[in-house]
Structures are given as structure tokens and as C-alpha cells.
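# Build the 3D model from these lines:
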Amino acid sequence: MRPQSSGREAICLASFLSIPLNLILILGLAACARSGDQKGAQKTTLALGSYSTPREVFAKSIIPAFQKQWKQQTGRDVEFQESYQGSGAQARAIIGGFEADIADLSLEADIEKIVQAGLITHDWRTAPHKGIVSTSIVVIAVRQGTPKQIKDWSDLAKPGLNILTPDPK
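Okay, the predicted model is just below:
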């Protein structure tokens, strides 16, 4: 996260978007960012560091909506430089020097690593929606033909099932 310096206008992605809660996206943080170095600059560039899953929704929905609303409200253009990788890898990249204006990570623990590194200095949970702009859809994958007849959450409690979950660490 780039530290803010005087003479730069702060903007916050989350404050400009009204994102429906059914998007397949957990926005771990919409960090406030800065515009170009020159006063009166007509274009703002933001660096987005995100986990891989929401790449398409950013490209097709979130970024264009933000650009349109930003232009209407400020008369200026905003462009995005995007970086997508796994949530933990993205957190490590930001801590290691990637100057992300916006960190969009899938795990709270990854955001907390950035906080612990001193790169997020505000309480991101006080942002609208407490830093999370939507719920995430969970997919239950079963063997072909669903031989154990798994159709919903309650079926997962049946005896004799093995459940595999990813380890976020």
C-alpha cells in the first residue's frame, strides 16, 4: 500500500461503488489511494492487487462502473493497473514492495498480515460492509453421478463422508 503524501487527492474505491451483494467476490479491503503527482492531473492511476477469482468481475463490472462514476463525479479519468494471484501470494507481494492502492484478498488473515506490516493504518473493518462487499458462493464438488446422493448442506452430515477443505495457510 502506498503511504499517502500531502498534495495528493485520496480516493476510496468502496465509497464510489454500490456493488450488489450477490457478486462472487470478497473484498478484503478497498484501500484509499492517491492520484498522479501533478496537481490538476486529469488522470488517476490505481494499482489493484487482487486474488485471482474475481478477475472477470473486476474487468466486466466493478472497474467500468467505478470509472464511469469517478468520471461523473470528478471530471477525470481513472485507469487501473491490475495484478492477480493467490490471496497469500498477493499479500506477500504487497508486503514485499508491490505498491497496491487497493488490496482485494480472499482471506482476512492475509489482510491482517498487511496490517501487521504497517501498510494499512486504518481500521478497514469500519468501511461500508465492514470491508466485505458481498458473500461468496461455496461450491460442493462430488464424484460423477453423485453416488452418495449429496444435494445440499444437510447431506454433508451423513455418516461415512469424507470432506476435503482447502487449508488457507
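
# show me where the chain has helices.
Ranges of helices in the chain, per DSSP state H, are 13-16, 55-57, 63-74, 87-95, 108-116.

# Identify, out of those helices, the most deeply packed stretch.
Of all these, helix 87-95 has the most neighbours on average by mean count of other Cβ atoms under 10 Å, namely a mean of 20. C-beta: built from backbone N, CA, C; applies to glycine.

# how about the helices of the chain, which one is nearest residue 49?
helix 87-95 (5.0 Å; Cβ to Cβ).

# contacts for that closest one?
1, 28, 49-51, 83-85, 98, 100, 103, 105-107, 110-111, 113-114, 117, 119, 168 (Cβ atoms under 8 Å, 6 or more residues apart in numbering).

# quick one: low-confidence ranges for this structure?
1-41, 133-138, 167-169 (pLDDT under 70).

# Geometric centre of it: which residue is closest?
residue 104 (2.1 Å; Cα atoms, centre = their mean).

# Surely that residue and residue 53 touch.
No. Residue 104 is beyond contact range of residue 53, at 9.7 Å (criterion: Cβ atoms under 8 Å).

# Now do the contacts for the nearest residue to residue 67 once chain neighbours are set aside.
Leaving aside its sequence neighbours, residue 67 sits nearest to residue 78 (Cβ to Cβ, 6 or more residues apart in numbering; 5.5 Å). Residues near residue 78 by Cβ under 8 Å, 6+ apart: 11, 43, 44, 45, 46, 66, 67, 70, 71.

# out of the residues you listed, who's nearest residue 157?
After measuring the contacts of residue 78 against residue 157 - Cβ to Cβ - the closest member comes out as residue 66, at 41.7 Å.

# Next one: that closest one from residue 116, what distance?
With the distance defined as Cβ to Cβ, to the nearest Å, residue 66 ends up 28 Å from residue 116.

# any chance you could map the strands in the protein?
Under the criterion DSSP state E, the chain contains strands at 10-12, 32-34, 43-50, 77-84, 102-104.

# To residue 127, which of the ones you listed lies closest?
strand 10-12 (7.8 Å).

# hmm, back to that, ok, now how distant is the residue nearest to residue 67 from residue 159?
With the distance defined as Cβ to Cβ, residue 78 ends up 54 Å from residue 159.

# Please consider this matter closed, and thank you.
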